[in-house]
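Trainee: Sharing a model that was predicted from the sequence below.
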Amino acid sequence: MNYINITPTIHLISQPLDRKKVNIEVILPSGGSWFEDPKDRGRKHLLEHCIVSRTKDLDFQQLKDYTFRENIYVNAYTGPKTMGFEAGGHYLDFYKMIDLILEVVFEPTFDQKDLNREKEIVLREISERRGDPNYKLHYDIMKQVFTPDSSDNHETLGDSKLVSETKIEDFSRLHKHNLEKSHIYICISGGGIDNDYIINKINSYILDKHELFANENLKNPVDFTLPSSYLPFTTLPIVHKLAHKHAEVTVYLDMPISWKNDPSIKIFNNLYMKYGGILYDRLRDELGLVYGISCGFSKKHQQSIISFSSEIQNINTIIEEIKKTFSDFETYFKPQKFDEFKNVLYKQQEIAEDAPGSMINFSLSTLQNYGKLESYEDYTNRIKNVTKENIKEIYENLANSLDTMKVVIVSNNLEIKEFKK
């Protein structure tokens, strides 16, 4: 894998492989909808649609015909934090794809016809998504869990009225803002990759805009974390007509998360929370209380987040089992499983390394999460060095937060109102 700083804020990560396929992705880590001004809510989503609608020489229909004829896949996406542009196809068409994707990112062409068409598409998408019961349920829950200004309450879809009022001149301003505030990552994996060509092509685009791409002080940090804060609660039963009759339960436990303890957390998650893990097997196989549980570790919230579905009458028992499992390390720790899961992770890493783009995605995630570039090989070596003491440290952090855990219970059944942790 190659990592090249073309400028201090434009980064090329490439993984040449003996493959017939090549994938290209250009990522603006601070190009997402969170960074919109209130007057622009939803317009970055529309911007992204229009950026990939045409090039300087090809209008919308011509570009569609061209990509179909050449079997080139082109797509774009917008999230709260990130905007991205993708192309994929046969490795012999690498130059066609890189020319196309770099042009739309660095010198997009905007057209009124595209705006009119994509505006209607985006407005339909907003209407359909907001009409989805699962979408509505999700944000109704988030509004009761997090403060109004938290990123967890942010909707990329934005404001229909503002989207409908978007003018063509808004796009140049919005796209300039993206380029001003964000680093740019060009991530490429597969066959036919020519790094020198990419570098020369990018330099030709930024020749008269070098200050914009050379000054890191203008940019948000690569590992910028979107803000989020909880509303005050310990136990929060949410009765909602769109929820299930059984209970969907989420348990939040404080947990320091950093680059240093990330490998230990990964092993801990396998050891306790996943299929075959200590807590998972106890709740599912031994006690028959759940079909399954899922657990994630959120750097943004500095927490372990455990989720499960259950019958309402079993919630207290499950919570008590979670507390019990994390209250006596020596009783519940299983050395054999610890060694087994370390070996499992080695195999998972090797399998992942064989998949096109996986090494790039991993390194990009370490950059965006921790501001550090790390290879699979380096990470695997850190996994090998994880000890029982490292696992115990994570365990004790969770144990210390049991008394302050937050529990959210969602159901359409009024019985959950009686729940007390």
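Mentor: Happy to help now that I have it.

Trainee: So which elements touch the one helix or strand in the chain whose mean pLDDT sits lowest?
Mentor: Counting by mean pLDDT, DSSP states H and E, the weakest-scoring helix or strand in the chain turns out to be helix 210-214, with a mean of 76. Under the contact criterion of 3 or more C-beta pairs under 8 Å, 6 or more residues apart in numbering; DSSP states H and E, helix 210-214 touches strand 2-7, helix 168-181. Using the backbone N, CA and C atoms, a C-beta is placed for each residue, glycine as well.

Trainee: Can you tell me which helices and strands the first one packs against?
Mentor: Translated: strand 2-7. With contacts defined as 3+ C-beta pairs under 8 Å, 6+ apart, the secondary structure elements packing on strand 2-7 are strand 10-16, helix 195-206, helix 210-214.

Trainee: tell me how far the very next helix or strand once past the first one is from the chain's mean position?
Mentor: By that I understand strand 10-16. Helices and strands here follow DSSP states H and E; after strand 10-16, the next one along the chain is strand 21-28. For strand 21-28, the distance between its averaged C-alpha position and the chain's averaged C-alpha position is 16 Å (C-alpha atoms, centre = their mean, to the nearest Å).

Trainee: strands paired with strand 21-28, and their directions?
Mentor: Within its sheet, strand 21-28 is paired with strand 83-90 (antiparallel), strand 184-190 (antiparallel), according to DSSP bridges.

Trainee: re earlier: put together a markdown table for the helices and strands packed on strand 2-7, with distance to residue 403 and mean neighbour count on each row.
Mentor: Below are the helices and strands packed on strand 2-7 laid out as a markdown table (distance: least, C-beta to C-beta, whole Å; neighbours: other C-beta atoms under 10 Å):
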| stretch | distance to residue 403 | mean neighbour count |
| --- | --- | --- |
| strand 10-16 | 43 | 20 |
| helix 195-206 | 53 | 15 |
| helix 210-214 | 50 | 14 |
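
Trainee: Out of those, which gets the lowest mean score?
Mentor: Lowest mean pLDDT of the helices and strands packed on strand 2-7: helix 210-214, a mean of 76.

Trainee: so how far is that one off the chain centroid?
Mentor: 27 Å.

Trainee: I'd like the distance between residue 188 and residue 50.
Mentor: Here the distance between residue 188 and residue 50 works out to 24 Å (C-beta to C-beta, to the nearest Å).

Trainee: hang on, the earlier thing: the helices and strands packed on strand 2-7: which one's closest to residue 330?
Mentor: Among the helices and strands packed on strand 2-7, the nearest to residue 330 by C-beta to C-beta is strand 10-16 (43.3 Å).

Trainee: If you count contacts, what does that closest one end up packed against?
Mentor: For strand 10-16, where contacts count as 3+ C-beta pairs under 8 Å, 6+ apart, the packed elements are strand 2-7, strand 184-190, helix 195-206, helix 358-370.

Trainee: In a markdown table: the ones you listed, plus distance to residue 312.
Mentor: As requested, the helices and strands packed on strand 10-16 are exported to a markdown table (distance: least, C-beta to C-beta, whole Å):
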| stretch | distance to residue 312 |
| --- | --- |
| strand 2-7 | 51 |
| strand 184-190 | 46 |
| helix 195-206 | 56 |
| helix 358-370 | 36 |
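
Trainee: mind checking which of these is nearest residue 112?
Mentor: Across the helices and strands packed on strand 10-16 (criterion: C-beta to C-beta), the nearest stretch is helix 195-206, sitting at 24.4 Å.

Trainee: Would you mind getting the angle between the closest one and strand 2-7?
Mentor: For helix 195-206 and strand 2-7, the angle between their directions (axes from the mean of the first three to the mean of the last three C-alpha atoms, to 10 degrees) works out to 20 degrees.

Trainee: what angle separates helix 195-206 from helix 168-181?
Mentor: Using the same axes, to 10 degrees: helix 195-206 against helix 168-181 is 120 degrees.

Trainee: Packing partners of helix 195-206?
Mentor: Applying 3+ C-beta pairs under 8 Å, 6+ apart, one finds that helix 195-206 contacts strand 2-7, strand 10-16, helix 94-106, strand 184-190.

Trainee: Using PDB, write out the CA atom coordinates for it.
Mentor: As requested, C-alpha coordinates have been extracted for helix 195-206 and formatted as PDB (Å, rounded to 0.1, in the frame of the first residue of the first chain):
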ATOM      1  CA  ASN A 195       0.300   7.000  -9.100                       C
ATOM      2  CA  ASP A 196       2.400   9.400 -11.100                       C
ATOM      3  CA  TYR A 197      -0.500  10.100 -13.500                       C
ATOM      4  CA  ILE A 198      -2.800  10.900 -10.600                       C
ATOM      5  CA  ILE A 199      -0.300  13.200  -9.000                       C
ATOM      6  CA  ASN A 200       0.400  15.100 -12.200                       C
ATOM      7  CA  LYS A 201      -3.400  15.300 -12.900                       C
ATOM      8  CA  ILE A 202      -4.100  16.700  -9.500                       C
ATOM      9  CA  ASN A 203      -1.300  19.200  -9.700                       C
ATOM     10  CA  SER A 204      -2.700  20.500 -13.000                       C
ATOM     11  CA  TYR A 205      -6.000  21.200 -11.200                       C
ATOM     12  CA  ILE A 206      -4.600  23.000  -8.200                       C
END
